[in-house]
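Enquirer: take this sequence and fold it.
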Amino acid sequence: MLTRRRFIAISAAVAALPQMGRAAPAPTPRLRAGQALGAQVSIRIAHPDGDAIAARVLSEIDRLEGILSLYRPDSALARLNRDGELTAPPFELLECLSLAGAVHRESGGRFDPTVQPLWSLWAEAAVAGGRPDDAAIRGALARTGWEGVRMDSTRITLRPGMALTLNGIGQGYVADRVAALLKAEGLSEVLIDTGELRALGGQPGGGAWQVKLEAGGRVALQDRALATSAPLGTTFDQAGTDGHIMDPATGRPTPATWREITISAQTAALADALSTAGCLTPDEARLQALVSGFPGAKIEAATRA
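Expert: Okay, the predicted model is just below:
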């Protein structure tokens, strides 16, 4: 069953405000609501200008969606996929693709944003109540391959028939950009949840943010990011057997070797990409080798199916 995340949560507080030489307590957080990334957004900001900051957060998410989304026909990514080239690409798209390329190399090609033709094929077959046949899978595979992507600061080009997806990195990237915006606003105790988690500082009142994992256990998160991926977290079929993470080697959903993998890193984009790549990694040794290729990244949990 094809689903998208339906809820985004942001909690933030300003440090104590100077007032007549003394520190005044930050205002009480107030709930603001909105819509972004196809989801309901809950924003709790303790700041005198909380309403204005919340509006800027929603505007920034909207701007990023206009660059990275597959669901907006006028986004930079959608235009690249449609036309096979994009001149003067936005910095954010180049930054995402550069990081994706690094994870692609370290994962031995397992993490591959060019699997979008395969994802579309399986999604369309699922809507029709079936699975794609071998010939269709071979045809879609022929339109994948990171070597078919060329990019520099002036232009991105794709081999004919190719298309990219940033679903394995984009949510984390958005969390990082929102964190940068809130830090620039002077907020110091921030937790952003866009499907991936990004923390600036710890909880108001002290201590790290305590994140409970679905597979059990907790992770203390402070000035760090966390992402969890599960091969069967979203599935194409009602039976829940065909997961959404495509194996670029076979053209089929990756076998559910892992129940879920949780990675922490300095940025949510990297944690997002590594947790996705980890689901495509067949054993613990290669998973550890993948994560160790990125300084500061850490496996927080890896649960076998």
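
Enquirer: any idea how far the stretch of helix or strand residue 103 belongs to is from the chain center?
Expert: Taking DSSP states H and E as the criterion, the element that holds residue 103 is helix 91-106. Its chain's C-alpha centre and that of helix 91-106 lie 12 Å apart, by C-alpha atoms, centre = their mean, to the nearest Å.

Enquirer: contacting residues around that helix?
Expert: Among residues not part of helix 91-106, those counted as contacts by C-beta atoms under 8 Å, 6 or more residues apart in numbering are 64, 67-68, 76-77, 80, 86, 110-113, 146, 149, 151, 153, 156, 164, 166, 168-170, 173, 177, 269-270, 273-274, 277, 290, 293-294. Quick note: C-beta positions are derived from backbone N, CA and C, even for glycine.

Enquirer: longest helix in this structure, please.
Expert: Among the elements of type helix in the chain, defined by DSSP state H, the one spanning the most residues is helix 50-68.

Enquirer: let me know the average pLDDT across the helix holding residue 103.
Expert: Per-region confidence: helix 91-106 scores 98 on mean pLDDT.

Enquirer: what's the answer for stretch 109-118, then?
Expert: In this model, stretch 109-118 has an average pLDDT of 98.

Enquirer: next, the distance between the ends of it.
Expert: The first residue of stretch 109-118 is 15 Å away from its last residue (C-alpha to C-alpha, to the nearest Å).

Enquirer: in it, what's buried?
Expert: By neighbour count with 16 or more other C-beta atoms under 10 Å, stretch 109-118 contains the buried residues 110, 111, 112, 113, 114, 115, 116, 117, 118.

Enquirer: now render those residues as CSV, adding secondary structure.
Expert: CSV is the format used below for the buried residues of stretch 109-118 (DSSP: H, G, I helix; E, B strand; the rest coil):
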residue, secondary structure
110, coil
111, coil
112, coil
113, helix
114, helix
115, helix
116, helix
117, helix
118, helix
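
Enquirer: which among these gets closest to residue 305?
Expert: Each of the buried residues of stretch 109-118 was scored against residue 305 by C-beta to C-beta, and residue 110 proved nearest at 17.1 Å.

Enquirer: ok, now which ones touch the closest one?
Expert: Counting by C-beta under 8 Å, 6+ apart, residue 110 touches 104, 247, 248, 249, 277, 280, 281.

Enquirer: what about the fourth one, how many residues close to it?
Expert: Counted with other C-beta atoms under 10 Å, residues neighbouring residue 249 total 13.

Enquirer: can you tell me the SS state at it?
Expert: Here residue 249 takes the coil state, with states given by three-state DSSP.

Enquirer: look up how far residue 282 lies from it.
Expert: When distance is defined by C-beta to C-beta, to the nearest Å, residue 249 is 11 Å away from residue 282.

Enquirer: re the thing from before, point out the other helices and strands that the longest helix of the chain packs with.
Expert: Packed against helix 50-68, as judged by 3 or more C-beta pairs under 8 Å, 6 or more residues apart in numbering; DSSP states H and E, are the following elements: strand 7-14, strand 30-36, strand 39-46, helix 76-83, helix 91-106, helix 170-184.

Enquirer: what's the angle from it to helix 91-106?
Expert: If you take axes from the mean of the first three to the mean of the last three C-alpha atoms, to 10 degrees, helix 50-68 sits at 60 degrees to helix 91-106.

Enquirer: which parts of helix 50-68 count as buried, going by neighbours?
Expert: Neighbour counts using 16+ other C-beta under 10 Å place 50, 53-54, 56-58, 60-61, 64-68 of helix 50-68 among the buried residues.

Enquirer: returning to that earlier point: of all pairs in the buried residues of stretch 109-118, which one is the farthest apart?
Expert: Maximum pairwise distance in the buried residues of stretch 109-118, criterion C-beta to C-beta, is 17.1 Å, between 110 and 117.

Enquirer: just to revisit the earlier point, list the buried residues in the helix holding residue 103.
Expert: Residues of helix 91-106 classed as buried by neighbour count (16+ other C-beta under 10 Å): 92, 93, 94, 96, 97, 99, 100, 101, 103, 104, 106.

Enquirer: please work out the angle formed by the directions of it and helix 76-83.
Expert: Going by the same axes, to 10 degrees, helix 91-106 makes 70 degrees with helix 76-83.

Enquirer: residue nearest the centroid of the protein?
Expert: Taking C-alpha atoms, centre = their mean as the criterion, residue 171 is the residue nearest the geometric centre of the chain, at 2.9 Å.
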